[in-house]
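1. sequence? don't have it. structure:
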């Protein structure tokens, strides 16, 4: 006899003038079989707020809109989404960004993967999909290959994302003095973004809520890293695909330190860097020889990128972000 499908409550956060993409996401979630969708309106303009309210009014209670007075950032908004969705009475909560479009069958694959983890005796579990820029098979295959080959900085010793060992290997590969070596493809992640995350409501109660003092950027990674830190498992389900179009980037792809100097939004750069460094310093020893060496390398790279790009304003933003991270000054310190 086939077990009954678990009940799922969906949740998303939107802001500004993004009602069209948000409602498209809500529609996909309902198509995938969620019972209800909670939309946190994190400071939408009046016209968009009216469209969200109209959709909720016509949904027979399947769409619920809750409104924050202003754009509070992703951490408080997703905190409200998680708190509301986990009390909706469903067994699972499925989070998506307001431009994430799940491919058909994504929810069933996520549920199946979480069931496998739980059947193996793990209680604290969650699962995350593969996020690709579009639904073309070639794009999905390339995304999976890139993710399997990516070597991430070691947060226990890195400084602002700089890890001298990783930097040296990437430089040698770029100069074609070293062949790229595929990483070990595992099924678990150390952390994941909110977009696509599926977890049981009781797991989210154990995890608590995102840190509101992060405001935005890195709050999702800190939140989901609690799973592994507490001995749980965060599974990566590569056949469950969520299209994440990414849109216009405020920081271009490529070499990250240089991208900081080419970024178009000082507030986002501040929160991105401050929260990243704060997370790193809370991982492993706050200061070690390796961390100090990576800090020196970060400083040298910043000097080089400032001279190369001739952009000086990011220097002030980076200096403030690093200073606040070192002093453990979090909270809403820059308007967004």
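-> Looks like it arrived, so ask away. If you're wondering where the values come from, they're calculated on a predicted model, not measured in any experiment.

2. Tell me the span between the first and last residue of stretch 112-129.
-> 12 Å (Cα to Cα, to the nearest Å).

3. centre of the chain versus it, how much separation?
-> 20 Å (Cα atoms, centre = their mean, to the nearest Å).

4. Same question for stretch 104-114.
-> 19 Å.

5. Likewise for stretch 95-103?
-> 12 Å.

6. Repeat that for stretch 214-234.
-> Taking mean C-alpha positions (Cα atoms, centre = their mean), stretch 214-234 and its chain are 9 Å apart.

7. In the chain, which strand is the longest?
-> strand 233-243 (DSSP state E).

8. Next SSE downstream of that strand?
-> Using DSSP states H and E, the helix or strand that follows strand 233-243 in sequence is helix 256-261.

9. How far does that following helix sit from its chain's centre?
-> The answer for helix 256-261 is 19 Å, by Cα atoms, centre = their mean.

10. thinking again about what came up before, could you give me the buried positions within the longest strand of the chain?
-> 233, 234, 235, 236, 237, 238, 240, 241, 242, 243 (16 or more other Cβ atoms under 10 Å). Any C-beta I mention is one placed from the backbone N, CA and C, and that applies to glycine too.

11. which of these lies closest to residue 284?
-> Checking those against residue 284 with Cβ to Cβ, the nearest one is residue 234 at 19.5 Å.

12. could you list every residue that touches the closest one?
-> By Cβ atoms under 8 Å, 6 or more residues apart in numbering, the contact set of residue 234 is 125, 126, 127, 128, 188, 189, 190, 191, 192, 224, 227, 228.

13. Secondary structure class of the third one, three-state.
-> Same thing as residue 127. Following DSSP: H, G, I helix; E, B strand; the rest coil, residue 127 is assigned to strand.

14. mind showing which ranges of the stretch 201-336 of the chain have poor pLDDT?
-> Along the stretch 201-336 of the chain, segments meeting pLDDT under 70 span 247-248.

15. If any of the contacts of residue 234 are buried, put those into a ChimeraX selection.
-> Buried subset of the contacts of residue 234, written as a ChimeraX selection, criterion 16+ other Cβ under 10 Å:
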select :125,126,127,128,189,191,192,224,227
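
16. For the closest residue in space to residue 152 that isn't next to it in sequence, which three-state class applies?
-> Leaving aside its chain neighbours, residue 152 sits nearest to residue 166 (7.5 Å; criterion: Cβ to Cβ, 6 or more residues apart in numbering). When classified by three-state DSSP, residue 166 comes out as helix.
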